[in-house]
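Peer 1: The following block contains a protein sequence and its predicted model.
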Amino acid sequence: AQSVTQLDSHVSVSEGTPVLLRCNYSSSYSPSLFWYVQHPNKGLQLLLKYTSAATLVKGINGFEAEFKKSETSFHLTKPSAHMSDAAEYFCVVSVSGTYKYIFGTGTRLKVLA
Amino acid sequence: DAGVIQSPRHEVTEMGQEVTLRCKPISGHNSLFWYRQTMMRGLELLIYFNNNVPIDDSGMPEDRFSAKMPNASFSTLKIQPSEPRDSAVYFCASSPQGNQPQHFGDGTRLSIL
């Protein structure tokens, strides 16, 4: 069975410093993994997706994630945080590559001026 | 490009009233999803349509909830009668195919008094 665990419910960083949001997954198959961002009163926006083509995935707004099979991890990073990055971030695994998403519990990112 | 459009954005109504939420998916997408988001339970899939046909409604809470997709550009989620525990944010999402990344609308924030 697939599952996804976001290791931090809250992360605070200073503007201009690196961001690391951690996600571990469990999957019997080669997983499809996604990161979504949700700004207040908005829907979820796709940041990036992993579908086995390349282990380092680049997304929008300077975010990237690295798929590490040996560690069953798919951590999200950004070299320099911006105030506009403050939001909730969801790691998602697709069940056996189907329509069914399993959502992590979310990580709320706070960016300090 | 227009994204997924949901209406209304906010709905406040009294217990026992009928509530209808509306969704216009992205043109050309053949898969449509309704989700509910609450603090306690996170994001839950209510129902999945493919080519206007309900494929998976196992997440619909009970008979008070119903969803329709009369054509490729419109879907409704109806609650009748509504109860305070139905208060949540309801999201509609669409994707080109069921196993491709989902694009979310900005949601309807529903409050049942």
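Peer 2: Now that the structure is in, tell me what you want to look at. Numbering: from 1, shown residues only, chains lettered A, B, ... in the order given.
Peer 1: and B:Met15, how many neighbours?
Peer 2: Counted with other CB atoms under 10 Å in any protein chain shown, the neighbours of B:Met15 add up to 12. To be clear about C-beta, it is placed using only N, CA and C from the backbone, and glycine gets the same treatment.
Peer 1: Correct me if wrong: A:Tyr29 contacts A:Ser96.
Peer 2: Yes. Using CB atoms under 8 Å, A:Tyr29 makes contact with A:Ser96 at a distance of 5.4 Å.
Peer 1: and stretch A:32-50, which residues are buried?
Peer 2: Using 16 or more other CB atoms under 10 Å in any protein chain shown as the test for burial, stretch A:32-50 gives A:32-38, A:43-50.
Peer 1: do stretch A:75-94 as well
Peer 2: A:75-76, A:78, A:81, A:85-94.
Peer 1: What of stretch B:19-38?
Peer 2: B:19, B:21-26, B:29-37.
Peer 1: quick check, it touching chain A?
Peer 2: Yes. Using CB under 8 Å from any CB of the partner chain, stretch B:19-38 reaches chain A at B:31, B:33.
Peer 1: and that stretch, how far apart are its ends?
Peer 2: End-to-end span of stretch B:19-38 (CA to CA, to the nearest Å): 18 Å.
Peer 1: again with stretch A:5-23
Peer 2: So stretch A:5-23: terminal residues 6 Å apart, CA to CA.
Peer 1: where does that stretch sit relative to the chain's centre, distance-wise?
Peer 2: 10 Å (CA atoms, centre = their mean, to the nearest Å).
Peer 1: what's that stretch in contact with?
Peer 2: Here stretch A:5-23 makes contact (CB atoms under 8 Å, 6 or more residues apart in numbering or on different chains) with A:4, A:24-26, A:33, A:35, A:73-83, A:85, A:89-91, A:104-113.
Peer 1: thinking again about what came up before, okay, among the buried residues of stretch B:19-38, which ones form the most distant pair?
Peer 2: B:Val19 and B:Asn30 (26.6 Å; CB to CB).
Peer 1: before we move on, back to that, in strands only, show me the buried residues of stretch B:19-38.
Peer 2: Judged by DSSP state E, the buried residues of stretch B:19-38 include B:19, B:21-24, B:31-37 as members of strands.
Peer 1: Please consider this matter closed, and thank you.
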